[in-house]
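>>> mind looking at a prediction? Sequence and model below.
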Amino acid sequence: MKALVVDDSRSMRAIVSRILHKAGIDEVIQAGDGRQAIEVLEGSGLPDLVLVDWHMPIMSGIEFVTAVHGRSEWRSMTIMMVTTENEQGQILRALEAGAHEYLIKPFTPEALMEKLVLLGLDCTTGTGQTSGGAWE
Amino acid sequence: MTPKVTVDTIAVVTRDIFATLSADGGDLLSGDRGSREIVSTVEITGAWNGTVCLSCSVAAGRHAASAMFDMEDSELSPAEITDALGELVNMVGGNIKSLLPGPSQLSLPTVHSEGPFELPGHLELANEVMFSWTAEPVVVTLWNRTS
């Protein structure tokens, strides 16, 4: 399974990537803003999962999600917003724009793992089946 | 003006964030202002306007960066410390924003680590919470824009 982590904070990209690796996702790539993420998608193939921050320079997370949703060939990706933005209206806006899940910072590794299970992502085998206990 | 944002709620928000950093950092305890050389800020604009400020000692900043990047202290660059403090104030500010009247927007964070730092004069201190983390000072302040 392949994941793309999009966040302007290198420390947050490191944290999320570390959790994804521990969860069994073997390939994790990173981008520092929505524009970079678009370039990654155009240049190196689609990941199964994209975790994207909201507040970023150049291209925000909501702009990225909208852009991805506008391209039918990219709709196979699962998108999760991972952000401090927690106003109910903004969460709905992100889901309507095409995000599949929403995780509010700060979060624990267990909370992120629960979201992956909710999305039906089996990180340990890449089969798309749900599984638990990846941390143990 | 900010009935949901008190010293107690700021303390809970900040403690929750630091609790996710690393088990070996321990809990945020009550502290004093101490000597703080790094200041990170994020602005809230909209129905409520002001600034959230997180300041700490270099040692606390290095410890936070070490936990967030999972790197040894000796491996850290100034850029990594700046990034870590920016993300911390982003999380503190975002969670405080949710307690304030909305809708509102959160700015990108700024981090100041060289020389004296002064907030703009049109800001008035609304709340201040002082912590001790790894025996180093960490202070969170909320500033209300007055004009």
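Thanks, I have it. Residues are numbered from 1 along each chain as shown, chains lettered A, B, ... in the order given.

>>> please enumerate the helices of chain A.
A:10-22, A:34-44, A:61-69, A:88-97, A:109-118 (DSSP state H).

>>> can you say which of those is nearest to chain B?
Across the helices of chain A, chain B has its closest neighbour in helix A:10-22 (3.9 Å, Cβ to the nearest Cβ). Yep, even glycine has a C-beta here, placed from its N, CA and C like the rest.

>>> dump the C-alpha coordinates for that closest one into PDB.
Coordinates of each C-alpha in helix A:10-22 appear next as PDB, following Å, rounded to 0.1, in the frame of the first residue of the first chain:
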ATOM      1  CA  ARG A  10       8.000  18.700   8.200                       C
ATOM      2  CA  SER A  11       7.500  17.600  11.800                       C
ATOM      3  CA  MET A  12       3.900  16.600  11.200                       C
ATOM      4  CA  ARG A  13       4.800  14.800   8.000                       C
ATOM      5  CA  ALA A  14       7.400  12.900  10.000                       C
ATOM      6  CA  ILE A  15       4.900  12.000  12.700                       C
ATOM      7  CA  VAL A  16       2.200  10.900  10.300                       C
ATOM      8  CA  SER A  17       4.700   9.000   8.100                       C
ATOM      9  CA  ARG A  18       6.100   7.200  11.200                       C
ATOM     10  CA  ILE A  19       2.600   6.100  12.300                       C
ATOM     11  CA  LEU A  20       1.800   4.900   8.800                       C
ATOM     12  CA  HIS A  21       5.000   2.900   8.600                       C
ATOM     13  CA  LYS A  22       4.200   1.300  11.900                       C
END
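
>>> would you pull up how far that helix lies from the middle of the chain?
11 Å (Cα atoms, centre = their mean, to the nearest Å).

>>> gap between the closest residue to residue B:72 other than its chain neighbours and chain A?
Spatially, and ignoring its direct neighbours in sequence, residue B:72 is nearest to residue B:66 (6.8 Å; Cβ to Cβ, 6 or more residues apart in numbering or on different chains). Residue B:66 sits at a distance of 10 Å from chain A (criterion: Cβ to the nearest Cβ, to the nearest Å).

>>> what's the local residue count around residue B:66?
Residue neighbour count, defined by other Cβ atoms under 10 Å in any protein chain shown, stands at 22 for residue B:66.

>>> wait, it touches residue B:76, no?
Yes. The pair residue B:66 / residue B:76 is scored as a contact, 6.2 Å apart, by Cβ atoms under 8 Å.

>>> could you pull out the strands for chain B?
B:29-30, B:38-46, B:50-56, B:104-106, B:110-112, B:123-133, B:136-145 (DSSP state E).

>>> centre-most residue in chain B?
The residue lying closest to the centre of chain B (Cα atoms, centre = their mean) is residue B:54, at 2.5 Å.

>>> pull the number of nearby residues for the closest residue to it other than its chain neighbours.
Setting aside the residues directly before and after it, residue B:54 is nearest to residue B:89 in space (Cβ to Cβ, 6+ apart), at 4.3 Å. The local packing of residue B:89 (other Cβ under 10 Å) involves 23 other residues.
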